[in-house]
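Visitor: here is my input; please provide its structure:
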Amino acid sequence: MVFPYKNANSNDAIAPQEDMDDCIIEEGEEEDLCTGSAECNQNVHSLTEEDLKLIPGETCVVAHSVEQRVHVELLQLLTMAEAPDYLFKEIIDWASRAKAANYNFNPKLSSRGAVLNDLIKHFNLQNLRPKISLLKLESIKEPVPIVSFDLKSTIFSLLGNSNLMQPKNLVINDAIEHPDGSIDYSPWFQPFKPKDGYKVHEILSGRWYQDTVASMDCSKSNIFLCALVLYVDKTFLDPLKSRFNLEPFNLTLAIFKQECRFLFPFWKTSGYVPESPELDDPKPQPGCKARNYHQMLEYLLQELIAMHLDPSILDNFPLQIGNQVKLVNL
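Guide: Numbers count the residues shown, from 1 in each chain. Next up, the predicted model:
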């Protein structure tokens, strides 16, 4: 194959490398180029007149291999995208792995959006997308947008993460090893009971959790008591700490150990309390801003309230701890 480049007198010329004079094909000498081996004849071709018509300006023709042409095209794409240099090797390695896995480089889904939509549908992630609702607040004319996430799906995304739901990360009872060598893992799925002398440093080892277990009918083998930890704190949106801020409403599970709850992957955001706009009413009722704030919190907590009123919403969840799976009602 041959590679065209513009004449060096052109403004956007691609200058040939030094010592490439032998690769310049003079007019009428195309047939004499690289006739030494069958492999060379297979990989080196000549541009047709139709190909040359597509190249504006004065052109010369430089011999090159298919590999060189692909590399140049990739370099051009990365340059146009202003991508870091290290991505070249990353992409070459990815292409090698894809070819070894018999990947079809002419797929049905060729756009980024189509691939993402297919993955969202395949892994049932539709409900993890943020949704924007408009709330009518007191003494404010325009509705205020508030961002939230589906609470049920958010909780399931934590409980369904096999990397997080490992025994080493969880406050659970010890499995029972029998003399015959068999292991009973059922205590993992039962309410946590601290052993005598157990240091009270976990939420589930405190009196609140133990009193809650005692007050509920947890005798049924498929009930799994799942306590939530909610956290909300306002943060500024710019380094200057202006009046514009956002208040993430975050949650995690009390079954996660204390050291795990210091780590970002063990938390999920269920919504954002936005900065309330200035009041339009020049003489609002006392406590107006507090009521508006509580209304936004109530909106973010409405799904949690619905779960308390109808616990069956969380029934029949396949809970996996380590390599053990059990169908439970949360």
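Visitor: buried set for stretch 130-150?
Guide: Within stretch 130-150, the residues scored as buried using 16 or more other CB atoms under 10 Å are 137, 139-140, 144, 146-150. Just so you know, the C-beta spots here come from the backbone N, C-alpha and C atoms, and that holds for glycine as well.
Visitor: buried stuff in the longest helix along the chain?
Guide: Counting residues, the longest helix found in the chain (DSSP state H) is helix 288-309. By neighbour count on 16+ other CB under 10 Å, the buried set for helix 288-309 is 288, 292, 295-296, 300, 303-304, 307.
Visitor: against Glu202, how distant is the closest residue to His201 other than its chain neighbours?
Guide: Nearest non-adjacent residue to His201, counting by CB to CB, 6 or more residues apart in numbering: Gln258, 6.3 Å away. Gln258 is 6 Å from Glu202, where distance means CB to CB, to the nearest Å.
Visitor: for the spatially closest residue to Ile313 that is not a sequence neighbour, what are its contacts?
Guide: Take Ile313 and drop its neighbours on the chain: the residue closest to it by CB to CB, 6+ apart is Met307, 5.2 Å away. Counting by CB atoms under 8 Å, 6 or more residues apart in numbering, Met307 makes contact with 151-152, 313-314.
Visitor: can you rerun that using 10 Å?
Guide: Residues near Met307 by CB atoms under 10 Å, 6 or more residues apart in numbering: 151-152, 155, 228, 313-314, 330.
Visitor: can I get those in TSV including neighbour count, distance to Tyr209 and secondary structure?
Guide: Conversion of these to TSV gives the following (neighbours: other CB atoms under 10 Å; distance: CB to CB, whole Å; DSSP: H, G, I helix; E, B strand; the rest coil):
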residue	neighbour count	distance to Tyr209	secondary structure
Leu151	23	21	helix
Lys152	17	22	helix
Ile155	23	18	helix
Leu228	15	12	strand
Ile313	13	22	helix
Leu314	17	18	helix
Leu330	18	15	coil
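Visitor: dump those into a markdown table; add distance to Ala214 and pLDDT as well.
Guide: Formatted as a markdown table, these follow (distance: CB to CB, whole Å; pLDDT from 0 to 100):
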| residue | distance to Ala214 | pLDDT |
| --- | --- | --- |
| Leu151 | 27 | 94 |
| Lys152 | 27 | 93 |
| Ile155 | 24 | 94 |
| Leu228 | 19 | 94 |
| Ile313 | 24 | 89 |
| Leu314 | 21 | 90 |
| Leu330 | 19 | 88 |
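Visitor: what are the boundaries of the helices in the stretch 1-150 of the chain?
Guide: 38-43, 49-53, 66-80, 87-100, 112-122 (DSSP state H, counting those that start in this stretch).
Visitor: next, the angle from the third one to helix 87-100.
Guide: This means helix 66-80. Taking axes from the mean of the first three to the mean of the last three CA atoms, to 10 degrees, one finds helix 66-80 and helix 87-100 inclined to each other by 130 degrees.
Visitor: so how far is helix 66-80 from its chain's centroid?
Guide: 29 Å (CA atoms, centre = their mean, to the nearest Å).
Visitor: what separation do you get for Asp184 and Leu246?
Guide: 47 Å.
Visitor: these two: which is more packed in?
Guide: Using other CB atoms under 10 Å as the criterion, Asp184 and Leu246 rank with Leu246 on top: 13 against 10.
Visitor: check the secondary structure at that one for me.
Guide: strand (DSSP: H, G, I helix; E, B strand; the rest coil).
Visitor: quick one: residues contacting the closest residue to it other than its chain neighbours.
Guide: Computed as CB to CB, 6+ apart, the closest residue to Leu246 that is not its neighbour in sequence is Tyr272, at 5.4 Å. Tyr272 makes contact with 130, 145-149, 232, 246-249, 296, 300, according to CB under 10 Å, 6+ apart.
Visitor: flag the least confident of the residues you listed.
Guide: Least confident by pLDDT among these: that is Leu246, with 83.
Visitor: for that one, name its beta-bridge partners.
Guide: Beta-bridge partners recorded for Leu246 (DSSP bridges): Thr235, Pro274.
Visitor: quick one, what contacts it?
Guide: 147, 234-237, 272-275.
Visitor: any quick PyMOL command for the buried ones out of those residues?
Guide: To isolate the buried members of these in PyMOL, using 16+ other CB under 10 Å:
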select buried, resi 147+272+273+274
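Visitor: among the contacts of Leu246, which one has the lowest pLDDT?
Guide: Leu237 (74).
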